[in-house]
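Asks: Mind folding the following:
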Amino acid sequence: MDFLVTMTTHVPDGTPGQAVDDIKAREAAHSAELAAQGQLIRLWRPPLAPGEWRSLGLFAAADADHLEQVLASMPLRIWRTDEVTPLGRHPNDPGTAGRAPLAVEYLVTMTIEVPDGTPESTVADTEAREADRARVLAGQGHLMRLWTLPASAAHARTLGLWSADDAAGMQSVLAALPLYSWMTIKTTPLSPHPSDPPLAGS
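Replies: As a prediction, this is how the structure comes out:
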């Protein structure tokens, strides 16, 4: 099972710089071990305010208890709080065999609300066209992964890992989705993390 983990670190005031550097080095080494074991899949930096220390991690674990064991084993956990979001399978997920990402990666949260009174045949047709478009975008390197999120009320929610040359290009890709007019979208640009498994292994 996949999990998205928001990891926020607060170093206690007065901590010596050497102690911080030591923990960071051990964290990087352990992240490499977790990646080799298939438990840490990806690692990114989201937009940060000055002085903020936060990372986003994609982890694989058998269940929430197993994930907690993995997170507790990480050296930075002594200063860190973790917010865990379980990710479900999505029928349009291209899996891990897609193309390499383009210039910038994005996490995109989509909340889908079908307008009241929409015929079921229209919904089915739109969802079928969405699936077809997802396959095309995966082949182009725009859609990397797609998951379901815990539902919000009666609304379907998805999380996607996307890529594009820039923010305008990403918006253009999303605006062309068949389901776009039924979506509320939140887009988070991602920066490379030095311990991201694909980057660390290159």
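Asks: switch to C-alpha atoms for all contacts and neighbour counts from now on
Replies: OK.
Asks: Give me the mean pLDDT for stretch 181-194.
Replies: Across stretch 181-194, the average pLDDT comes to 95.
Asks: chain center to it: distance?
Replies: 8 Å (Cα atoms, centre = their mean, to the nearest Å).
Asks: can you list contacts of that stretch?
Replies: Residues outside stretch 181-194 that contact it (Cα atoms under 8 Å, 6 or more residues apart in numbering): 43-47, 104-115, 199-200.
Asks: ok, now with 10 Å
Replies: Stretch 181-194 is contacted from outside by 28, 42-47, 55-57, 104-115, 155-163, 166-167, 170-171, 174-175, 177, 199-200, using Cα atoms under 10 Å, 6 or more residues apart in numbering.
Asks: Quick check: which ranges of the chain have low pLDDT?
Replies: For the chain, applying pLDDT under 70 flags the ranges 97-99, 152-154, 200-202.
Asks: Can you list the residue ranges for strands in it?
Replies: In the chain, the strands defined using DSSP state E lie at 2-9, 40-45, 54-60, 80-89, 104-112, 143-148, 156-164, 183-192.
Asks: among the contacts of stretch 181-194, which ones are buried?
Replies: Listed as buried from these are 28, 42-46, 55-57, 104-112, 114, 156-163, 167, 170, 174, 177; burial here means 16 or more other Cα atoms under 10 Å.
Asks: so what's Ala167 up against?
Replies: Counted by Cα under 10 Å, 6+ apart, Ala167 has contacts 104-106, 173, 187-189.
Asks: any idea how this protein splits into domains?
Replies: What automatic domain parsing lists as the domains of the chain is 2-87, 90-191.
Asks: before we move on, the earlier item: will you turn the contacts of Ala167 into a markdown table that also has distance to Gly38?
Replies: Listed next are these as a markdown table, based on distance: Cα to Cα, whole Å:
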| residue | distance to Gly38 |
| --- | --- |
| Val104 | 24 |
| Glu105 | 21 |
| Tyr106 | 22 |
| Val173 | 31 |
| Thr187 | 27 |
| Thr188 | 25 |
| Pro189 | 24 |
